[in-house]
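Participant: This is the structure alone, sequence omitted:
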DNA sequence: CTGAAAGCGCTTACAG
DNA sequence: CTGAAAGCGCTTACAG
């Protein structure tokens, strides 16, 4: 069977190819009845216009860019990428990745040139680039439409996708509280502001219970587990050590688990631990980690959906939007009621 | 500055656009002098032909497919993808990912239809799909050129990229031997044949030293760390426990490290451990894991290089090739001389 | 070994 | 609200 073209659709709908093109691109200026008839035929055939043919005469490339931080393999970007790829394909776009190593230290001209020479129509900007005024200025100067993932600053600058870290933290606390824990500690990380949002949830939870948080904020490096291990060794030696620790990230949780093992503390019998991220290792460690799953893949998908809708040219949808996605608490093996 | 086209190149070289097209596509039938002159101009401008314009009239899509196993996030595929993406961009191609969840259980017709409807010009086929006759039959039936990554069966069927697992294993053994270890054990995994290749290196090393391997082959599941932890607990309880363990994968190594911690064994003072893969966690655990780094990203790049060369149409390069890439032993903190 | 013509499937710019 | 014409930058099929 030959590949369908808009000529086939046009013939079947008894309209010109231009009208089919209008419907396909959600352009205005087509009668409601005509639009419905064409759309029905498009749907019936599951017709997808040829991307090459679209981009050749047009000004669009049908490429969405995903900004990634250096070439490193990080599950956060992998997950995001899976979502971007999925949505891009759905919309007839391709994904192109642009790596941002050293963008902050590079001079303005070379970054401009580099981003300007890539021919994507729109850009998905995840952390930490989404919070860099330097990067945002350049993107805006180039006039590239963009959507940010989980930004923390200058929220008014663009559409963005986010999840509520504070609320997720409160849910972690509620889980531990219900198990009977009261001596709960939060161990965060230094690298990004997300840790603070989670700490806010921790303190807010205690406040709502009418209590004062029993421990001060502790932060370690989130780059390697070393800091968490060392901190864990100090913490767990204390006489009034917590019965449960809420770790700001899975990596911090892993470090604490290692430290606990060194002290002969059994998890979750002697100490409960909750992570944050549901990273690939969370299921592999022993016991498997109770943690918060972030909807990273969904975030990527939604970002592309917004972008493509905006590129459709319908001015009404160019409004900046903020989409909140839901997290979920994954209860696995590192949480249990406290001993006696 | 306006985007260059082959018309500009043709004018500058005083030839027709058809001749420029021939040079660009490495087609035969251009005089050596003409070819050199055109190529020089192409290089001088760093001219890249417009992919959309190429694929529109032609039969090629300028898309390379990467087959991935389900939608899971796995660093192996992430690394491969980085390489494929990098090489694809270099050659003016885009990358498209095709997920293979349940391919083995699906019926032949639906897989054929699915792969047939994606319009990539060539396919990179990593494990485990590269060893599935079912998948290979379908790809060949569709006439899609493909290169396999680290295949273990039917090597004559296609070009492939590989590394020498056995030799890498021998290098691990040499490292441990030089530190003074003699009671070295190998703990492999069940999932893929790679574990056997590594075990072969283990036994071969002892044979070359004129010894008999001191321990039998042990295998655990590579899906979660649980099996490795339990196995480790059994092994480390033994009176004649090894002074060093060569783990068939990083994940197995992580499990063994957890088990060692439970027994109060200090790594590397009481027990040395070496992994295999250099996965993202290898640097984050404590102590950081000594392991073999596989050139996964490079493998992806090379696969695309071969594919694109083949698509160039030069029959001579359609020969099946096998490219071996080099691994490297990354010595970190889990290996040291044995106690006393 | 080299080139002139037609056309891929769309969008742009314009006309009505 | 709808359509006819031109053309995007290449490749294909053909001619010499």
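Facilitator: Now that the structure is in, tell me what you want to look at. All values reported here derive from a predicted model rather than from experimental measurement. Numbers count the residues shown, from 1 in each chain, chains lettered A, B, ... in the order given.

Participant: alpha carbons only for contacts and neighbour counts from here, please
Facilitator: Fine.

Participant: how about the residue of the stretch 101-250 of chain A found nearest DNA strand D, what does it touch?
Facilitator: Among all residues of the stretch 101-250 of chain A, residue A:119 sits closest to DNA strand D, at 13.3 Å; criterion: CA to the nearest atom of the strand. Each residue near residue A:119 by CA atoms under 8 Å, 6 or more residues apart in numbering or on different chains is listed here: A:61, A:63.

Participant: and it, which of the three is it?
Facilitator: Three-state call for residue A:119 (DSSP: H, G, I helix; E, B strand; the rest coil): coil.

Participant: how close does residue A:139 get to residue A:125?
Facilitator: 10 Å (CA to CA, to the nearest Å).

Participant: With residue A:228 instead?
Facilitator: Residue A:228 sits 29 Å away from residue A:125, going by CA to CA.

Participant: ok, now residue A:92?
Facilitator: Taking CA to CA, one finds residue A:92 at 20 Å from residue A:125.

Participant: returning to what we had before: the more surrounded of residue A:139 and residue A:125?
Facilitator: Set side by side, residue A:139 and residue A:125 show more neighbours around residue A:125, with 26 against 20, by other CA atoms under 10 Å in any protein chain shown.

Participant: Tell me the bridge partners for that one.
Facilitator: residue A:148 (DSSP bridges).

Participant: Might you report the residue contacts of it?
Facilitator: A:66-68, A:146-149.

Participant: quick check, nearest of the residues you listed to residue B:22?
Facilitator: residue A:66 (33.6 Å; CA to CA).

Participant: Need the three-state assignment for that closest one.
Facilitator: Assignment for residue A:66 (three-state DSSP): strand.

Participant: ditto for residue A:337
Facilitator: coil.

Participant: Kindly report the residues of chain A close to DNA strand D.
Facilitator: By CA under 7 Å from any atom of the strand, the residues of chain A that approach DNA strand D are A:14-16, A:18-19, A:28-32, A:34-35, A:53, A:56-58.

Participant: Please repeat the previous calculation with a cut-off of 10 Å.
Facilitator: By the rule CA under 10 Å from any atom of the strand, the part of chain A lying against DNA strand D is A:10-11, A:13-23, A:27-36, A:38, A:52-59.

Participant: ok, of the residues you listed, which come out buried?
Facilitator: Buried residues within the residues of chain A next to DNA strand D, counting neighbours by 16 or more other CA atoms under 10 Å in any protein chain shown: A:10, A:13, A:17, A:19-21, A:23, A:34-35, A:38, A:52, A:54-56.

Participant: list the residues that contact both of residue A:139 and residue A:125?
Facilitator: residue A:146.

Participant: Residue A:174: neighbouring residues, count only.
Facilitator: Residue A:174: 16 neighbours (other CA under 10 Å).

Participant: Filter the buried ones among the residues of chain A next to DNA strand D down to just the ones in strands.
Facilitator: Counting by DSSP state E, no part of those is found in strands.

Participant: near DNA strand C, which of those show up?
Facilitator: Counting by CA under 10 Å from any atom of the strand, A:10, A:17, A:19-21, A:23, A:52, A:54-56 from those sit close to DNA strand C.

Participant: ok, and the closest non-adjacent residue to the residue sitting nearest the centre point of chain A?
Facilitator: The residue lying closest to the centre of chain A (CA atoms, centre = their mean) is residue A:296, at 3.7 Å. Distance criterion CA to CA, 6 or more residues apart in numbering or on different chains; nearest residue to residue A:296, sequence neighbours excluded, is residue A:80 at 5.5 Å.

Participant: Cross-check the contact I'm expecting between that neighbour and residue A:299.
Facilitator: Yes - assessed by CA atoms under 8 Å, residue A:80 is found in contact with residue A:299 at 6.9 Å.

Participant: Please say which of those two ends up with more neighbours.
Facilitator: Taking neighbours as other CA under 10 Å, residue A:80 and residue A:299 compare with residue A:299 leading, 28 against 24.

Participant: Can I take it that the more buried one is in a strand?
Facilitator: No - under three-state DSSP, residue A:299 sits outside any strand and is assigned helix.

Participant: Can you report how many residues lie near the residue nearest to it when sequence neighbours are not counted?
Facilitator: Leaving aside its sequence neighbours, residue A:299 sits nearest to residue A:161 (CA to CA, 6+ apart; 6.2 Å). Neighbour count of residue A:161, defined by other CA under 10 Å: 24.

Participant: Work out the gap between the host helix or strand of residue A:161 and the centre of the chain.
Facilitator: Using DSSP states H and E, the element containing residue A:161 is strand A:159-163. Averaging C-alpha positions (CA atoms, centre = their mean, to the nearest Å) puts strand A:159-163 8 Å from its chain's average.

Participant: That strand pairs with which strands, parallel or anti?
Facilitator: Strand A:159-163 is paired, per DSSP bridges, with strand A:146-149 (parallel), strand A:322-325 (parallel).

Participant: Mind checking the pLDDT average for the first one?
Facilitator: In this model, strand A:146-149 has an average pLDDT of 95.

Participant: The last one now?
Facilitator: Within the predicted structure, the mean pLDDT of strand A:322-325 is 95.

Participant: Can you mark which positions in that strand are buried?
Facilitator: Here strand A:322-325 shows A:322-323 as buried, counting by 16+ other CA under 10 Å.

Participant: Which is the succeeding secondary structure element to that strand?
Facilitator: Next element after strand A:322-325 (DSSP H and E): strand A:328-330.

Participant: where in chain A is pLDDT low?
Facilitator: A:1-2, A:70-73, A:101-106, A:109-110, A:113-114, A:116-118, A:312-318, A:340 (pLDDT under 70).

Participant: Now find how far off-centre stretch A:259-274 is within its chain.
Facilitator: Using CA atoms, centre = their mean, the offset of stretch A:259-274 from its chain centre is 30 Å.

Participant: Please convert the strands paired with strand A:159-163 to a markdown table, extending it with distance to residue A:308.
Facilitator: Output for the strands paired with strand A:159-163, formatted as a markdown table (distance: least, CA to CA, whole Å):
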| stretch | distance to residue A:308 |
| --- | --- |
| strand A:146-149 | 10 |
| strand A:322-325 | 15 |
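
Participant: Quick check: closest non-adjacent residue to residue A:334.
Facilitator: Nearest to residue A:334 is residue A:268, by CA to CA, 6+ apart, at 4.8 Å.

Participant: mind checking how far the one you found is from DNA strand D?
Facilitator: The spacing between residue A:268 and DNA strand D, counted by CA to the nearest atom of the strand, to the nearest Å, is 63 Å.

Participant: State the helix or strand in which that residue lies.
Facilitator: Going by DSSP H and E, residue A:268 is not in any helix or strand.

Participant: Confirm for me that it is in contact with residue A:332.
Facilitator: No - here residue A:268 does not reach residue A:332: they are 10.3 Å apart, not a contact under CA under 8 Å.
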